[in-house]
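S.K.: Have a look at this fold, sequence not included:
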């Protein structure tokens with residue numbers, strides 16, 4: 001395992017998009033939405049001005065329908081900020097990946113499509129132009145991988161899937177525990193540790209962060225980064241405080 005004290009950590013403030021608005025869902029439930037703004041670009045600029053270098057964007061409509069709905073606001077963020085942007089939600093084809101990369105996105109998260117068509121995903125990751133540009137999105141519900149905007153579960157455990165990609169040229173695995181996402185009650189540290197120990201692909205933890213102590217706990221793990229969303233929008237702490245707690 002990599003020594004976490006010698007590995008750079010990156011904080012990924014999140015912008016979740018639905019109907020063009022900046023929103024958050026509780027535990028992935030589309031009926032439990034809170035809306036925080038109507039300008040993704042302005043929100044991205046807030047994060048950038050505070051010192052963020054990365055941004056995590058989720059097209060919630062795309063995650064549900066399988067087709068991207070927010071390519072234009074994503075392109076605007078890439079063109080009008082210096083942020084490195086990671087995008088997921090509705091990425092089910094090479095065409096969608098190419099559109100995002102051509103729009104300036106740094107790396108693309110593939111989740112549902114990977115789990116539903118593993119042979120396709122295996123070949124995809126090995127493409128020379130996609131090396132270190134593809135992120136595997138692993139969302140877990142009671143340990144089992146979930147797909148389609150978290151509305152369906154599979155018969156594969158997230159840990160088993162992480163083991164399958166050992167040695168693959170992936171940029172990262174974004175691991176989300178659905179049970180704690182948007183709840184501010186703390187990340188599933190035990191499951192995140194197990195995920196990091198199961199594979200050599202860098203792990204980005206997502207879900208549950210509600211305090212700076214939660215971020216400090218994640219900082220001690222052998223992971224690449226952490227995604228935070230609701231805690232920022234609900235003013236549990238500032239983005240500046242979060243960057244200091246996690247990145248140092």
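M.R.: Here it is on my side, so go on. In this text, all values refer to a predicted model and were calculated from it rather than measured experimentally.
S.K.: my guess is residue 41 contacts residue 83, does it?
M.R.: No. Between residue 41 and residue 83 there is no contact under C-beta atoms under 8 Å: 10.6 Å. No exception for glycine: its C-beta is placed from N, CA and C like everyone else's.
S.K.: shared neighbours of the two, anything?
M.R.: Residues touching both residue 41 and residue 83 by C-beta atoms under 8 Å, 6 or more residues apart in numbering: residue 77.
S.K.: Point out where this structure drops to low pLDDT.
M.R.: Applying pLDDT under 70 to the chain picks out residues 1-7, 148-154.
S.K.: Start from the N-terminal end of it and give the strands.
M.R.: Here the chain has its strands, by DSSP state E, at 10-18, 21-26, 29-37, 54-59, 84-88, 107-110, 134-141, 144-147, 152-157, 172-177, 203-206, 225-228.
S.K.: In a markdown table: those strands, plus mean neighbour count.
M.R.: As requested, these are arranged in a markdown table below (neighbours: other C-beta atoms under 10 Å):
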| stretch | mean neighbour count |
| --- | --- |
| strand 10-18 | 24 |
| strand 21-26 | 20 |
| strand 29-37 | 13 |
| strand 54-59 | 25 |
| strand 84-88 | 24 |
| strand 107-110 | 24 |
| strand 134-141 | 24 |
| strand 144-147 | 20 |
| strand 152-157 | 14 |
| strand 172-177 | 26 |
| strand 203-206 | 27 |
| strand 225-228 | 26 |
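S.K.: Show me what the spatially most central residue of the chain is bridged to.
M.R.: Centroid check for the chain by C-alpha atoms, centre = their mean gives residue 174 as the closest residue, at 5.0 Å. Taking DSSP bridges as the rule, residue 174 bridges to residue 137, residue 204.
S.K.: That one and residue 224, how far apart?
M.R.: Distance from residue 174 to residue 224, counting by C-beta to C-beta, to the nearest Å: 10 Å.
S.K.: I'd guessed residue 25 sits against residue 63; true?
M.R.: No. Using C-beta under 8 Å, residue 25 is not in contact with residue 63, being 10.1 Å away.
S.K.: ok so, going back, when residue 41 and residue 83 are compared, which one has more neighbours?
M.R.: A direct count of neighbours by other C-beta atoms under 10 Å for residue 41 and residue 83 places residue 83 higher, at 20 against 15.
S.K.: can you give me the helices for this structure?
M.R.: Secondary structure of the chain by DSSP state H: the helices cover 40-49, 60-65, 71-80, 94-102, 112-116, 118-126, 158-164, 189-198, 212-219, 230-233, 239-246.
S.K.: which parts of the fourth one are buried?
M.R.: Buried residues in helix 94-102, defined by neighbour count with 16 or more other C-beta atoms under 10 Å: 96, 97, 99, 100, 101.
S.K.: and for residue 174 and residue 224, which residues touch both?
M.R.: residue 204.
S.K.: hang on, the earlier thing: now distance to residue 35 too, for the buried residues of helix 94-102, in JSON lines please.
M.R.: JSON lines is the format used below for these (distance: C-beta to C-beta, whole Å):
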{"residue": "96", "distance to residue 35": "25"}
{"residue": "97", "distance to residue 35": "28"}
{"residue": "99", "distance to residue 35": "26"}
{"residue": "100", "distance to residue 35": "24"}
{"residue": "101", "distance to residue 35": "29"}
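S.K.: how many neighbours does the nearest residue to residue 219 once chain neighbours are set aside have?
M.R.: In this structure, residue 219 finds its nearest non-sequential neighbour in residue 246, 5.2 Å apart by C-beta to C-beta, 6 or more residues apart in numbering. Residues within reach of residue 246, counting by other C-beta under 10 Å, total 21.
S.K.: quick one: contacts for residue 246?
M.R.: Going by C-beta under 8 Å, 6+ apart, residue 246 touches 9, 11, 215, 216, 218, 219, 226.
S.K.: which of these lies closest to residue 91?
M.R.: Nearest to residue 91, judged by C-beta to C-beta, of the contacts of residue 246 is residue 226 at 21.4 Å.
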